[in-house]
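>>> Predicted model and sequence follow; I will ask about them next.
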Amino acid sequence: MTTEFRNLLDRSVLIYLDDILVYSRTLDEHIVHLRTVLDRLRLTKYKANLDKCEFAKQELEYLGHYVTPKGIRPLADKIQAIVDWPEPRCTTDVRSFMGLAEYYQRFVGSYSKVAAPLSRLQSPKVPFEFDDAACGAFTTLKAAMQAAPALRIYDPTLPTQVTTDASGYAIGTMLEQCHENGCHPVEYLSQKVSLVNTLDDARKKELLAFVTVLKQWRHFLLGRRRFKWNTNNNPLTFYKTQDTVTSTIDRWMYYIDQFDFDPCHIPGHANRAADALSRRPNFCAIVTTAFDLHDDLQPHFVKGYKSDPTYSTLYAELSSDHPSASHYRISDGFPLLHTRGNDLLIVPQDRILRTRLLGEFHDARLSAHLGVNRTLARLHQRFHWPDVLHDVTRYIESCVVCHRNKGRSRLPFGELKPLPIPRAPRLSIAMDVTGQFPRDRHGYDGILTVVDRLSKYARFLPCKYHAAAPELARLLHTGWITNQGVPEDIVSDRDTRFVSAFLTSLMAESGTTMKPNSAWHPQTDGQTERAHQTAQVMLRTLIRPD
């Protein structure tokens, strides 16, 4: 049905399966829209059930929501079903409850943060244990659903502001518009961040929250007049003044530049809605692999510290009676590095030891043979050693189980992009040098092949195979340009003589553009390659020993 109403969708018509919603600003406009929809139904031979139709309504129920001119709110009976839901006793019960609750998550600020303990219980790999954290989340989620405000319908003419915040493992955002009686929410957004992003600094997490907002609400924010971005991270308001940024932040900044906005800093205590998730007690339970240092590994650690040139001096200094103040310390004979609020165990340069650790964090049952980024993130939570990225990458690339079970994640090859067809003969040529042939009596042992890309007319000009760029330029001028005229562009391979400064500047003075092919891709200059093939066949048939 969406095909028949394609030109009306999101203009005056919304369709979900066989439900059609026609919306308008005025009654006269609504009558015109209704007539258009009914005519379209008649032409496509669809029949509407009159008993199920409602016409010229200002308030109605649609897809589990109650829509009014003042906004959208969940249906009361659906919210009551959530409030009366009994305490889950198994994974299936949790999934049923979360399925209904997630349908209305746009009405609840910090939904991902509140529901994190329950979301964890949906996994079949996690033992079902409805502990205090899950019970608290269950009760809090019910209360949040009961107190869910009515969301206003987005109006592109009103001032708009976006408020974002990020915590250790989730982001929370709110889209608001300013009406005469104050600011009212249009939509909430909350989601968990990936395991890799949980290790980022606060500034990067806050910027990730803003990028997520722009992607989620692109249809609201792109192309509209300037909106306001509220964040409690003051340095982030000057994100464009950084001297150096990582490649990830560089891509984010390139995407952000599409939008027109004013960054604004607000204190954390004033960021009531979005900041609630970062100030709420951390209820998120993280599944980690229980890894103990067995007796057979401890000698490898001690021996490695003493023989490793990177840590031998540090280990001796930390083991002394008066170690200097630093981020390193000794605990039970093992050196630890304190960073980002965590104590990381330093791993010496021992092949057996590092391979064992990589196996535990990649091959173990709960590790599930995750990729490089996730394996690296889990290692960074407990261990530290130089070149850990290199070791993780090599280990996973050599994992037989990953090669056997994982599909290829390489992007599909792009479409072919042939060179444009010339408008007229002699405007675009291709040239190349072929050889090396037996030297003739004039000292020539190569051929400069020049082909008109439109008419396929070719000339084979004898030359020295190792001739310099000025010599080839003179030959091109006397053998082609004096008879055929100056071309607009020349296609060639990346021969050093063709891309030399001399030939490039000479062609530029003549108004000719040099178009060298991509490296290791001779198919770009395929016409001269095909002409070479014909010329070589002819030479083989004509040349005789006498």
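The structure has been received and is ready for your questions.
>>> Retrieve the pLDDT associated with Arg382.
The confidence metric pLDDT takes the value 84 at Arg382.
>>> swap that for Glu509, please
pLDDT, Glu509: 87.
>>> now do the one 5 residues further on
If you check Met514, the pLDDT there is 89.
>>> Wasn't it part of a strand?
Yes - applying DSSP: H, G, I helix; E, B strand; the rest coil, one finds Met514 inside a strand.
>>> Gly129 and Arg89, how far apart?
One correction, residue 129 is Glu, not Gly. 11 Å (Cβ to Cβ, to the nearest Å). Yep, even glycine has a C-beta here, placed from its N, CA and C like the rest.
>>> Let me know whether Phe5 touches Leu38 as I believe.
No - if you go by Cβ atoms under 8 Å, Phe5 and Leu38 don't touch, sitting 11.8 Å apart.
>>> Comparing those two, which residue is more hemmed in?
Each of Phe5 and Leu38 has its neighbours counted (other Cβ atoms under 10 Å); Phe5 has more, 19 against 13.
>>> Nearest residue to the more buried one in space, please, no chain neighbours.
Ranked by Cβ to Cβ, 6 or more residues apart in numbering and with sequence neighbours excluded, the top spatial neighbour of Phe5 is Val13, at 5.3 Å.
>>> can you check Phe437 too?
Asp445 is the one closest to Phe437 (Cβ to Cβ, 6+ apart), at 5.2 Å.
>>> May I have the residues that are in contact with the one you found?
By Cβ atoms under 8 Å, 6 or more residues apart in numbering, Asp445 lies in contact with 435-439, 464-465.
>>> which residue ranges form the strands in the stretch 51-200 of the chain?
For the stretch 51-200 of the chain, the strands defined by DSSP state E, counting those that start in this stretch occupy 60-62, 65-68, 71-74, 160-166, 170-179, 182-192.
>>> For Arg203, grab the count of nearby residues.
17.
>>> Tell me the pLDDT of it.
Looking at Arg203, its pLDDT reads 76.
>>> now for the helix or strand harbouring it, which elements pack on it?
According to DSSP states H and E, Arg203 maps onto helix 202-216. Under the contact criterion of 3 or more Cβ pairs under 8 Å, 6 or more residues apart in numbering; DSSP states H and E, helix 202-216 touches strand 160-166, strand 170-179, strand 182-192, strand 227-231, helix 247-256.
>>> Average pLDDT for the helix or strand following it, rounded please.
On the C-terminal side of helix 202-216, the nearest following helix or strand under DSSP H and E is helix 218-221. Taken as a whole, helix 218-221 has a mean pLDDT of 84.
>>> helices and strands around helix 218-221, which ones?
Here helix 218-221 is seen to pack against strand 160-166 when contacts are counted using 3+ Cβ pairs under 8 Å, 6+ apart.
>>> tell me the angle of the strand it packs on relative to strand 170-179?
Put simply, strand 160-166 runs at 160 degrees to strand 170-179, going by axes from the mean of the first three to the mean of the last three Cα atoms, to 10 degrees.
>>> Make residue 1 into 50 and carry on from there
Yes, from this point I'll number from 50; that puts the last item at strand 209-215.
>>> Strand 209-215 vs helix 251-265, what angle?
Angle, strand 209-215 to helix 251-265, by the same axes, to 10 degrees: 140 degrees.
>>> Strand 209-215: partners in the sheet, and parallel or antiparallel?
The strands beside strand 209-215 in its sheet (DSSP bridges) come out as strand 219-228 (antiparallel), strand 276-280 (parallel).
>>> Now do the shortest one: everything it contacts.
Read that as strand 276-280. For strand 276-280, contacts defined as Cβ under 8 Å, 6+ apart pick out 208-214, 255, 259, 270, 286, 308-315, 320, 323.
>>> Can you say which of these are buried?
Taking 16 or more other Cβ atoms under 10 Å as the criterion, what is buried in the contacts of strand 276-280 is 209-214, 255, 259, 270, 308, 310, 312, 315, 320, 323.
>>> Just the buried ones from the contacts of Asp494, in PyMOL syntax?
In PyMOL, this line selects whichever of the contacts of Asp494 come out buried by 16+ other Cβ under 10 Å:
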select buried, resi 484+513
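>>> Which of the contacts of Asp494 fall in strands?
Filtering those for membership in strands, criterion DSSP state E, returns Gly484.
>>> what would the contacts of Asp494 look like in CSV with pLDDT and distance to Met223?
Output for the contacts of Asp494, formatted as CSV (pLDDT from 0 to 100; distance: Cβ to Cβ, whole Å):
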residue, pLDDT, distance to Met223
Gly484, 84, 71
Gln485, 86, 72
Phe486, 87, 75
Pro487, 86, 80
Arg488, 88, 80
Lys513, 93, 74
Tyr514, 92, 71
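>>> and the two most separated of the contacts of Asp494?
Greatest spatial distance in the contacts of Asp494: Pro487 and Lys513, 13.1 Å, computed using Cβ to Cβ.
>>> Where does pLDDT dip in the stretch 250-399 of the chain?
250, 288-289, 291-293, 317-348, 374, 389-390 (pLDDT under 70).
>>> Show me where it has its strands.
Taking DSSP E, counting those that start in this stretch as the criterion, the stretch 250-399 of the chain contains strands spanning 276-280, 310-314, 377-380, 383-388, 391-395.
>>> So which elements touch the next helix or strand after the last one?
Using DSSP H and E, the next helix or strand after strand 391-395 towards the C-terminus is helix 400-411. Applying 3+ Cβ pairs under 8 Å, 6+ apart, one finds that helix 400-411 contacts helix 347-356, helix 421-429, helix 437-446.
>>> in the last one, what's buried?
Under the neighbour-count criterion of 16+ other Cβ under 10 Å, helix 437-446 has 437, 440-441, 444-445 buried.
>>> can you pull up the bridge partners for Leu63?
Beta-bridge partners recorded for Leu63 (DSSP bridges): Leu70.
>>> Would you mind confirming that it is in contact with Phe54?
No - checked against Cβ under 8 Å, the pair Leu63 and Phe54 is beyond contact range at 9.5 Å.
>>> Not counting sequence-adjacent ones, nearest residue to Lys455?
His418 (7.6 Å).
>>> that older thread, could you look over the strands of the stretch 250-399 of the chain and pick the most buried one?
Burial of the strands of the stretch 250-399 of the chain is given as mean neighbour count (mean count of other Cβ atoms under 10 Å); strand 276-280 ranks first at a mean of 21.
>>> tell me the angle it makes with strand 310-314.
Using the same axes, to 10 degrees: strand 276-280 against strand 310-314 is 30 degrees.
>>> CA-only coordinates of strand 276-280, as CSV, when you get a sec.
Only the C-alpha atoms of strand 276-280 are listed here, as CSV (Å, rounded to 0.1, in the frame of the first residue of the first chain):
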residue,chain,number,x,y,z
PHE,A,276,19.1,25.3,17.2
LYS,A,277,20.9,25.2,20.7
TRP,A,278,23.0,22.3,22.0
ASN,A,279,23.2,22.1,25.8
THR,A,280,26.0,20.1,27.4
